[in-house]
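Asker: pasting the structure only:
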């Protein structure tokens, strides 16, 4: 099979069984609905409504949306406004109302819901053929109802399910009108006029093929289904299977990152379920060793302990696993796997699909089958073949009190990718401690450029300096050139996440800065109720340059062991590549060899300790320069600047310590514990990192940075030879 | 009774009954404990522990603290450190451990708890006589164990209760040692060496008299009790009754504000309960028409919908009604009144007193008797006689979704008072919308000046410009002179909080700026699901001056209907009175006649619209200038500047509108609705405020600013005469 891609094999199989006939035989009223909610499930759903609270409330919610729609009356406005504007929001509301009314019709048998969907579809059937490209077209892929073709695909994914639900209610003439004027017209738009988006291996493509493919099943048009599966050329160069092949890694990581993963998962899961119901021959959930189901558990792991997705690449940081898109993912995944921890999340989502899958979830929740979903330490590979780097998740503690470190050594991640390589984000007890900025966007807020990505998304959020990672010579990785960035990825060097004493991971990047090899090694451990993250950047470079290490933080500076001066002048630390947005709020020149700064955030205390010294400067920065419209949040940060560096090891220790209890007013451990930081280099790539603590203990981390010698190693520390076995070792004494 | 103060009357009564004998007769072992937990209640407490979860968990909590103390062993260090330091925290922990161990001894009969308290008391009895004034004395009233005498009083309040609990366990010799060397010595310190604090009508005095008074009851020393009740001079010039007389208004408002009210309430309530148990003749809870119980419900009302106290004057904003100090307040108040809404709060506190009062609460909670505590609109008078202004609370909606406006026209509030007069704070759905800064202090954070008030508390937080109220000529009220500020207070002019269409309040200040009379009138209403706060400042002044109206906000600026320029230079809007801490981040000159700015905070949208025009400037400010140690939070604000003003009406409208739902990504009503603002002046003091909305509706607020004509009024608006009855009227059309 190595030489014949799976999708091609399936293409042959599919052609062989001539699915056209298969679908056509289903076209009697009796077979509808057939996509997600199945006619055969309706009786048990109605039974379940009486028994399972989660199903009940989800039904009530759907009915409420449908009832409000019916009460408000049908308005199908001529498309005019951009995102956030009236016609945009109205068409979005319309599909939601139709979708819910269709489901409620099936579960109540009340004709008024079917009539509502029909009447609205008739309006759309009247309007759609009159439309040209949307007047406010946003990009090269505009829609007709919406400024973006993407929104139009989403509209179809929901609306075709509504149509499926009321199919049996309609006369032959009504069907012909709606199908010919609306659905076939729209499918034509997707598969001919906007063929580029449809065939694209990208989440926009997934929405399009899901909409068109499901339309094909309802209209018994197998060509539509074939195009959805194998691209408009029917050759497997695009389409659903190719998308599954290329957009997910074997570990279920989606190249654009978790924020887009939860979005793209909706059409992936819904279309897959529709295929499972109508084309069981495809065994779509087994495809690529069940990568779609894997993608669900993976995206659930890619959340902080408050459920919010790690903001890798462009991401709105408020988004959490409670998002309605992911209800489809958890419900379908649970129904297929009976994995009790997925049920935990489905329960938190507090809403289920109105389908057999949702019924299964609601029943299992009512029966108390849910088991706590725990986030675990893991490496998640990126790339279709798992060979494009990835992300490491290092976790200490459990549930709400968990500390987690995200280490990103993944690929660029397409157009929404950011130029950071080897970036980290640190979380503690649900709070961001070393935050990633996420995207510069106020989603759906009209006054902020219609809620789209703001100009500062490119000039700031995408840039390397916007992340907690090294910047050389004030330039983003790859000089900020997307095409170059897409070509390369960092690689994992070593990881051991199983050692209860310390979790360690190391990754390398050889491409983001020409002539430089960057290796970042991270070790996370807990000692005496304090969490230490040792962060060692090992840079080997042909040319000397300026090294900057930005460290972003939230909260209030409490203390520093060095003098800084708050500036009473306006200064940015650079002019481009994101630096033009930073304001130097305070600065310290020639910070001490062991330079510590502490801050407070909410009820916790945090410290960073850097191996500084003569020539090393620290800027305390605030975001907001060259931001005329307050498009950027005033994110605080530090920038440690190492001028004229070449081959250099940057050692930083982050510490999570202490607590403030506002009820009892008790403050514990508000001071950082590191008195002195030492980095000792031995033979080869051996190093010893020493944290001498104020309580006179010492934490020693011994490393062979090549991570190639798991045998005996030794290094001389303060005149004593220390021996250890393996690539790394931690001693505390 | 008008000419004989109540306390003097009670003094006579008390002397007459010769309480010394009364207490002495109780001195047998059988009568102990007698202060709060009563010997007679112990059997039913033990019964209750089996039945009531809240009592159980509170007992478990106490036992846990005591067990940890016993396990750790007794350490009574020589006093050395300031607040937050080791010896300070250790002595605090010690009293908590003794207090809890004493209670646990009573409820378990296990001698090890009594022995622990005894052994620790013996250590204190050994140490205390050797002590001089604490080496780190904080102020003019230092302690011996602690740098502040206040901490020492608190220590005594808890420790004497522990002693009371183990009294029966001790031999006569042990008692003599502990009483003579520790308690009598400490009481001597309070009543002789630190007489000033003891006799002071102030919360420090209350802690001292509570500690000494309860010690007197346990030691059967009625002179101690008399001193606690009537001052060391025994003449009623100070002491508990005088404190009750002067520190609370008839409405139960405590002059320092709610943050200190919740703190002071502990000794007030605990000492009162001890008196009720041992000196029932005093009928202390009936004193001043039951003002102590009133003070409990009042402080509960002085919270935002998330339970946090309004930060009037010096206040740590995290503090909420869940604070352990208030457990005594709610428990004692419920036990005496059976008010089911107090029970709601007691239940939220999730811990009860280990006493008959706590038992009553735990039982009532278990029986489901709690009723939702609702925050209501009300005027709360300040001043011992209720004649020193007050605060108005205007509320719309219920529970978590409530909008509330706090209008402060209270007196200075002693040393922790701030110089704002007629200041406002606005809250919505638990969020601060127009925030008050609170205090510049990081409580118990050692690195921040030992956790005490920071220098910026005086230079910023206390100043008028740190609040949402008018500043004239860049000066704080009374020029920032405390003695002057203490002399005067604003007054209520008019309030109607009963009208479902609009809540309105008006207050006046004639003293804070010489030669100027400030009247602020506020009207809060909801129209079409948007909340409007109309804010009319009417200033009459002998001299022209510069008027500044600061408006603080949290979150991100979304939009403005005027051009502003973000500055790329460092500029403060003034040099003193707090202005030196503000940085002008952006500025707009000559803002339009109707100038609007919107911002987003969390999931809500907010707008301010000001009647501007030529010469009126708007600064967008950020806090942090002249703050070398990051002692100030980077609070955002606006400063509307009206130069060369004299008699002037400043009209501002705040609007709460729209929502962002991060789960559904739906954004509603993100834009403010006010298109045009008009202020029309009629005969006398009649004015019409017109809000012309973007949807072509108009909201009209008609006022007679003298609020002296409740009869027929009229004004000409755009050529039409409008008639209305009463001091004010709202029309929407």
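Answerer: Looks like it came in fine. Being a predicted model, the structure only gives us computed values, none of them experimental.
Asker: what's the burial count for the closest residue to residue A:85 other than its chain neighbours?
Answerer: Closest residue in space to residue A:85, ignoring its immediate chain neighbours: residue A:446 at 6.6 Å, by CB to CB, 6 or more residues apart in numbering or on different chains. The way it works is simple: take the backbone N, C-alpha and C, and place the C-beta from them, glycine included. For residue A:446, the neighbour count with other CB atoms under 10 Å in any protein chain shown is 21.
Asker: and residue A:400, that one's in a strand?
Answerer: No - if the criterion is DSSP: H, G, I helix; E, B strand; the rest coil, then residue A:400 is helix and not within a strand.
Asker: my read: it touches residue A:431, true?
Answerer: No - if you go by CB atoms under 8 Å, residue A:400 and residue A:431 don't touch, sitting 10.7 Å apart.
Asker: and stretch A:522-540 with chain B, contact?
Answerer: No - for a cut-off given as CB under 8 Å from any CB of the partner chain, stretch A:522-540 has no contacts with chain B; the smallest distance is 14.8 Å.
Asker: tell me which of residue A:400 and residue A:431 has more neighbours.
Answerer: More crowded of residue A:400 and residue A:431, by other CB under 10 Å: residue A:431, with 18 against 9.
Asker: what is the more buried one paired to in the beta sheet?
Answerer: residue A:428 (DSSP bridges).
Asker: my guess is it contacts residue A:602. True?
Answerer: Yes - with contact defined as CB under 8 Å, residue A:431 reaches residue A:602; the gap is 5.6 Å.
Asker: for the stretch 251-400 of chain A, which residues are neighbours of chain B?
Answerer: Going by CB under 8 Å from any CB, the residues of the stretch 251-400 of chain A near chain B are A:316, A:318-320, A:322-324.
Asker: among those, which ones are buried?
Answerer: A:316, A:318-320, A:322-323 (16 or more other CB atoms under 10 Å in any protein chain shown).
Asker: re earlier: of the residues of the stretch 251-400 of chain A next to chain B, which is the nearest to chain B?
Answerer: Among those, residue A:318 lies closest to chain B (CB to the nearest CB), at 3.5 Å.
Asker: ok, how many other residues are close to the closest residue in space to that closest one that isn't next to it in sequence?
Answerer: Distance criterion CB to CB, 6+ apart; nearest residue to residue A:318, sequence neighbours excluded, is residue B:662 at 3.5 Å. The local packing of residue B:662 (other CB under 10 Å) involves 17 other residues.
Asker: ok, residue B:662 touching residue A:316?
Answerer: Yes - counting by CB under 8 Å, a contact exists between residue B:662 and residue A:316, whose distance comes to 7.5 Å.
Asker: distance of the closest residue to residue A:644 other than its chain neighbours from residue A:475?
Answerer: Nearest residue to residue A:644 in three dimensions, chain neighbours excluded: residue A:544, at 5.4 Å (CB to CB, 6+ apart). Using CB to CB, to the nearest Å, one gets 15 Å for the distance from residue A:544 to residue A:475.
Asker: now do residue A:391
Answerer: Taking CB to CB, one finds residue A:391 at 24 Å from residue A:475.
Asker: what about residue A:544 and residue A:475, which has more around it?
Answerer: The residue with more neighbours, out of residue A:544 and residue A:475 and counting by other CB under 10 Å, is residue A:475; that gives 23 against 13.
Asker: give me the phi and psi for the more buried one.
Answerer: Residue A:475 adopts backbone torsions of phi -120, psi 150, taken as degrees, to the nearest 10.
Asker: returning to what we had before: quick one: the residue nearest to residue A:85 is in a strand?
Answerer: No - with three-state DSSP as the criterion, residue A:446 is located in coil rather than a strand.
Asker: after the lengthiest strand in chain A, next one along is what?
Answerer: The longest strand of chain A (DSSP state E) is strand A:648-661. Toward the C-terminus, strand A:648-661 is succeeded by strand A:666-668 as the next helix or strand (DSSP states H and E).
Asker: partner strands of that following strand, with direction?
Answerer: strand A:648-661 (antiparallel).
Asker: any idea how far residue A:567 is from residue B:260?
Answerer: 37 Å.
Asker: do the same with residue A:431
Answerer: For residue A:431, the distance to residue B:260 - CB to CB - is 30 Å.
Asker: so what sits against both of residue A:431 and residue A:602?
Answerer: Residues touching both residue A:431 and residue A:602 (CB atoms under 8 Å, 6 or more residues apart in numbering or on different chains): there are none.
Asker: ok, now which ones touch the residue nearest the centre of chain A?
Answerer: What sits nearest the mean C-alpha location of chain A, by CA atoms, centre = their mean, is residue A:258, with 1.4 Å. Residue A:258 is in contact with A:299, A:302-303, A:309-310, A:312, A:315, counting by CB under 8 Å, 6+ apart.
Asker: and if you look at residue A:129?
Answerer: Counted by CB under 8 Å, 6+ apart, residue A:129 has contacts A:181, A:185.
Asker: residues in the stretch 501-650 of chain A within reach of chain B, list them.
Answerer: A:556-559, A:565-570, A:585-586, A:598, A:600, A:622, A:624-625, A:627-630, A:633-634, A:636.
Asker: so in chain A, which helix runs the longest?
Answerer: helix A:86-108 (DSSP state H).
Asker: in that one, what counts as buried?
Answerer: A:87-89, A:91-108.
Asker: again, but for stretch A:501-517
Answerer: A:502-513, A:516.
Asker: one more: stretch A:457-466?
Answerer: Buried residues in stretch A:457-466 (16+ other CB under 10 Å): A:457, A:459-466.
Asker: just send those residues back as JSON lines, with pLDDT and secondary structure too.
Answerer: Below are the buried residues of stretch A:457-466 laid out as JSON lines (pLDDT from 0 to 100; DSSP: H, G, I helix; E, B strand; the rest coil):
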{"residue": "A:457", "pLDDT": "98", "secondary structure": "helix"}
{"residue": "A:459", "pLDDT": "98", "secondary structure": "helix"}
{"residue": "A:460", "pLDDT": "98", "secondary structure": "helix"}
{"residue": "A:461", "pLDDT": "98", "secondary structure": "helix"}
{"residue": "A:462", "pLDDT": "98", "secondary structure": "coil"}
{"residue": "A:463", "pLDDT": "98", "secondary structure": "coil"}
{"residue": "A:464", "pLDDT": "98", "secondary structure": "helix"}
{"residue": "A:465", "pLDDT": "98", "secondary structure": "helix"}
{"residue": "A:466", "pLDDT": "98", "secondary structure": "helix"}
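Asker: can you get me the start-to-end distance on stretch A:452-459?
Answerer: Using CA to CA, to the nearest Å, the end-to-end distance of stretch A:452-459 comes to 15 Å.
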